[in-house]
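**Q** What follows is a predicted structure for the sequence shown.
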Amino acid sequence: MASQQQHPLHGRDRPVVDRLLQVQSPRDQDLVDGARLLQRYRNFPGAEDIRNDLRTTLKTWGLSQSSLYQRSRAIWASGFQPNLAADDGLVGSGFDSTSEAPTPS
């Protein structure tokens, strides 16, 4: 069994996850936060508490992980701008690995 590690952003992400657990009808920001945190902790060897709580959140919202990612991509594609005034660890929140990098002219 792999050793369990403490994610360097666990302390910043825990309050966000706690907030998401309280949301019954998610707003765009909630959906984006849920998607980025699911991605961040997807293969991390530790942080079971966060992964379990994110699964609970998805059940509450009636979404699968796939549908959350799909909705999150649509939100970003519509021009969504996160609230950068809130210092809640939005590290890497806008990166979409399915997009191709622009080619230099």
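**A** Perfect, I can see it now.

**Q** any low-confidence regions in this structure?
**A** Applying pLDDT under 70 to the chain picks out residues 1-3, 84-105.

**Q** residue closest to the middle of it?
**A** By C-alpha atoms, centre = their mean, the chain has its centre lying nearest to Arg36, at 2.3 Å.

**Q** Quickly find the element holding that residue.
**A** Element membership of Arg36, judged by DSSP states H and E, is helix 28-41.

**Q** mind checking how far the helix or strand Pro15 falls within is from the chain centre?
**A** When elements are assigned from DSSP H and E, Pro15 belongs to helix 10-22. Its chain's average C-alpha position is 10 Å from that of helix 10-22, according to C-alpha atoms, centre = their mean, to the nearest Å.

**Q** hmm, who's touching the helix holding Arg36?
**A** 7, 9, 13, 16-17, 20, 23, 26, 47, 50-51, 54, 57-58, 61, 65, 68-69, 71-72, 75-76, 80, 82-83, 88, 90, 92-93 (C-beta atoms under 8 Å, 6 or more residues apart in numbering). C-betas here are computed from N, CA, C, even on glycine.

**Q** Could you do stretch 52-71 as well?
**A** With contact meaning C-beta under 8 Å, 6+ apart, stretch 52-71 is reached by 17-18, 20-21, 23-24, 26, 31, 34-35, 37-39, 41.

**Q** top of the residues you listed by neighbour count?
**A** In terms of neighbour count, Gly34 stands highest of the contacts of stretch 52-71 at 25 neighbours, by other C-beta atoms under 10 Å.
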